[in-house]
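A.B. asks: From the sequence below, what's the structure:
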Amino acid sequence: MICSNMPHIPIPGELPGIRGLMAFRPEAAKPLNELVDVLLRQPNSLSSAERELIATYVSSQNDCTYCQTIHGAIAAHDLGGRDDVVSQVKRDFLSAPVSEKLKALLLIAGRVQQGGKKVTAEEIENARAHGATDVEIHDTVLIAAAFCMYNRYVDGLATIAPKDPEFYKQRAAHICANGYSFVNREFQQARQTQETTS
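C.D. replies: Predicted coordinates for the structure are as follows:
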């Protein structure tokens with residue numbers, strides 16, 4: 001469901017989703033973007049697409065329209081335009097055309113979304129049995145936990161979620177090319193614009 005409410009706080013330049021909040025508070029944006037860059041874009045034994053799918057799945061479980069749509073678009077971009085894979089992961093990841101290891105990690109991510117104590121030793125061992133390393137298990141839990149925070153940040157301040165799929169595709173291509181930390185400069189520029197016009 002796309003939220004049609006006005007944001008709870010004034011957003012610089014009416015930027016959508018988390019971008020508007022980060023432009024409002026660029027000091028907080030910097031570490032948040034650095035964290036998501038480490039988790040989703042920097043070199044890892046899990047591909048960027050797999051990590052973006054974990055973020056997308058958690059965001060869909062939290063019913064966060066903006067986050068599931070933007071990270072789904074980024075995952076699809078990483079997968080060469082495979083929007084169908086993203087849709088299947090959100091709908092029923094056990095039947096999606098992804099590796100058994102990723103399915104085991106998505107199960108863990110889903111448990112974290114429900115509550116950290118929901119993760120069982122059996123689910124961890126299952127992920128290991130499918131080839132997941134301790135770092136991959138760690139990062140899956142941290143991605144899931146972080147996206148619960150990002151989702152609540154976005155929805156807790158009633159941010160704008162554009163309806164046009166092209167917006168998300170264009171943004172996805174930009175992030176795939178430049179990473180998340182690069183976006184910090186955009187937030188700083190938006191904040192400077194806000195200060196000079198107010």
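
A.B. asks: Can you report phi and psi for the spatially most central residue of the chain?
C.D. replies: For the chain, the residue sitting closest to the mean C-alpha position, by C-alpha atoms, centre = their mean, is A55 at 4.2 Å. According to degrees, to the nearest 10, the main-chain angles of A55 amount to phi -60, psi -40.

A.B. asks: Which residue, other than its chain neighbours, is closest to it?
C.D. replies: H71 (4.5 Å; C-beta to C-beta, 6 or more residues apart in numbering). Quick note: C-beta positions are derived from backbone N, CA and C, even for glycine.

A.B. asks: any idea where the strands of this protein begin and end?
C.D. replies: Read by DSSP state E, the chain holds no strands at all.

A.B. asks: And the helices in it?
C.D. replies: 17-24, 26-40, 48-61, 65-78, 83-92, 100-114, 121-129, 134-156, 165-178, 183-197 (DSSP state H).

A.B. asks: Including mean pLDDT and distance to I9, could those helices go into JSON lines?
C.D. replies: Formatted as JSON lines, the helices of the chain follow (pLDDT from 0 to 100; distance: least, C-beta to C-beta, whole Å):
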{"stretch": "helix 17-24", "mean pLDDT": "92", "distance to I9": "7"}
{"stretch": "helix 26-40", "mean pLDDT": "94", "distance to I9": "13"}
{"stretch": "helix 48-61", "mean pLDDT": "98", "distance to I9": "21"}
{"stretch": "helix 65-78", "mean pLDDT": "98", "distance to I9": "16"}
{"stretch": "helix 83-92", "mean pLDDT": "98", "distance to I9": "29"}
{"stretch": "helix 100-114", "mean pLDDT": "98", "distance to I9": "26"}
{"stretch": "helix 121-129", "mean pLDDT": "98", "distance to I9": "39"}
{"stretch": "helix 134-156", "mean pLDDT": "98", "distance to I9": "11"}
{"stretch": "helix 165-178", "mean pLDDT": "95", "distance to I9": "21"}
{"stretch": "helix 183-197", "mean pLDDT": "62", "distance to I9": "12"}
